[in-house]
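Trainee: task: produce atomic coordinates for the following.
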Amino acid sequence: EQGIGDTIRASLTPEVGGDRSAEVRLCQDILQAIGLRRFRPAVTACPGCGRTTSTLFRELAQDIQVHIDEKLPEWQSRHKGSETLQVAVMGCVVNGPGESRAANIGISLPGAGEEPRAPVFVDGERVKLLSGPNIASEFIEMVESYVETTYGES
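Mentor: Next up is the predicted model:
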């Protein structure tokens, strides 16, 4: 092999009484961000702009990330390959449908002035239109179902 090495190291100031596991996570995030390794499912989320008036997409992106982090140990042991999962949580119809289509599973939430409905895309195809107060929980259920059916049991 050519190159300068095969190790990446990051130093962070740990919390009082904490350990250095955040350094490992940071290095994994760097390797995943540049496309060299996959350690966990990735969430692509809308950064927000003038077209987004609610915090719904931010809350859902955070909820999805927390759900993935909580389920990761189980998924890693039961669903081989689930670390390649790409989830999109977008905040309006401008970039939302395209980003959602490009992900394994994605949702395009309503932005400012848009109807309160959210199309869900699975493997590039629009499969459902969510609406109402349970959009977040229904989408999380769809992500869970996608992992179960796509990655099966290991």
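Trainee: list the buried residues in stretch 74-86.
Mentor: 75, 79, 82, 83, 85 (16 or more other Cβ atoms under 10 Å). Every C-beta, even on glycine, is put in place using the N, C-alpha and C of the backbone.
Trainee: likewise for stretch 13-29?
Mentor: 27, 28.
Trainee: average model confidence for that stretch?
Mentor: Average pLDDT, stretch 13-29: 90.
Trainee: spit out the contact partners of the most centrally placed residue in the chain.
Mentor: Central residue of the chain (Cα atoms, centre = their mean): residue 43, 1.9 Å from the mean position. Each residue near residue 43 by Cβ atoms under 8 Å, 6 or more residues apart in numbering is listed here: 61, 64, 65, 68, 87, 88, 89.
Trainee: repeat for residue 143
Mentor: Neighbours of residue 143 in contact, by Cβ under 8 Å, 6+ apart: 64, 67, 87, 105.
Trainee: from residue 91, how far off is the last one?
Mentor: I take that to be residue 105. 16 Å (Cβ to Cβ, to the nearest Å).
Trainee: domains of the protein?
Mentor: Following automatic domain parsing, one finds the domains of the chain at 1-39, 40-151.
Trainee: please identify the most buried of the ones you listed.
Mentor: Among these, domain 40-151 has the highest mean neighbour count (mean count of other Cβ atoms under 10 Å), at a mean of 17.
Trainee: okay, how far is it across that domain, tip to tip?
Mentor: Start-to-end span of domain 40-151 (Cα to Cα, to the nearest Å) is 14 Å.
Trainee: what is the mean pLDDT for it?
Mentor: 89.
Trainee: I'd like the next helix or strand past the longest helix belonging to the chain.
Mentor: Longest helix in the chain by number of residues (criterion: DSSP state H): helix 56-78. Heading C-terminal from helix 56-78, the first helix or strand you meet, by DSSP states H and E, is strand 86-90.
Trainee: for that following strand, packing partners?
Mentor: strand 42-45, helix 56-78, helix 96-102, strand 105-108 (3 or more Cβ pairs under 8 Å, 6 or more residues apart in numbering; DSSP states H and E).
Trainee: just the CA coordinates for it, please, in CSV.
Mentor: Output of strand 86-90 as CSV, limited to C-alpha atoms (Å, rounded to 0.1, in the frame of the first residue of the first chain):
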residue,chain,number,x,y,z
GLN,A,86,-28.8,6.5,4.6
VAL,A,87,-31.7,8.4,6.0
ALA,A,88,-32.8,11.9,4.8
VAL,A,89,-34.9,14.4,6.8
MET,A,90,-35.6,17.4,4.7
